[in-house]
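Undergrad: sequence below, structure please.
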Amino acid sequence: MIQPPEILRVSKTRVSCDGSGDIPAALGHPRVFLEIDEHGYVDCGYCDRRFVLIGSVADTADIGDKPDIASGASL
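TA: Predicted structure coming up:
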C-alpha cells in the first residue's frame with residue numbers, strides 16, 4: 001500500500017524542503033524553496049511532502065485528497 005504524503009502545517013508562504021525529516025540531510029534531496037499560493041498549499045516535487053499554510057482555505061481535514069500542486073504551477 002502506498003503511504004499518503006507527509007503533511008506539514010506552516011505559518012509562512014515561503015518554505016524550504018530537503019527531504020530529510022527523520023533522516024540525516026545528506027540522505028534527503030537537494031534543498032528546494034517553495035512558495036504557497038492562493039490554493040493554500042504546495043507539494044515538494046522530490047519527496048511529495050505537502051506544506052499547508054495555517055488558516056488558509058486548504059487548512060482542512062481533507063487536505064490529503066486535494067490534487068498535487070508543485071511550486072509555480074496552477075490548476
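
Undergrad: give me the number of residues near residue 12?
TA: For residue 12, the tally of surrounding residues (other C-beta atoms under 10 Å) stands at 10. Using the backbone N, CA and C atoms, a C-beta is placed for each residue, glycine as well.

Undergrad: per-residue confidence at it?
TA: Turning to residue 12, the model gives it a pLDDT of 97.

Undergrad: remind me which helix or strand it belongs to.
TA: Using DSSP states H and E, residue 12 maps to neither a helix nor a strand.

Undergrad: quick one, phi/psi of it?
TA: The phi and psi torsions at residue 12 (degrees, to the nearest 10) take the values phi -130, psi 150.

Undergrad: repeat for residue 58
TA: Dihedral angles for residue 58 - degrees, to the nearest 10 - are phi -90, psi -10.

Undergrad: in stretch 53-61, what's buried?
TA: Using 16 or more other C-beta atoms under 10 Å as the test for burial, stretch 53-61 gives 53, 56, 58.

Undergrad: roughly how far apart are the first one and residue 32?
TA: Residue 53 sits 17 Å away from residue 32, taking C-beta to C-beta, to the nearest Å as the criterion.
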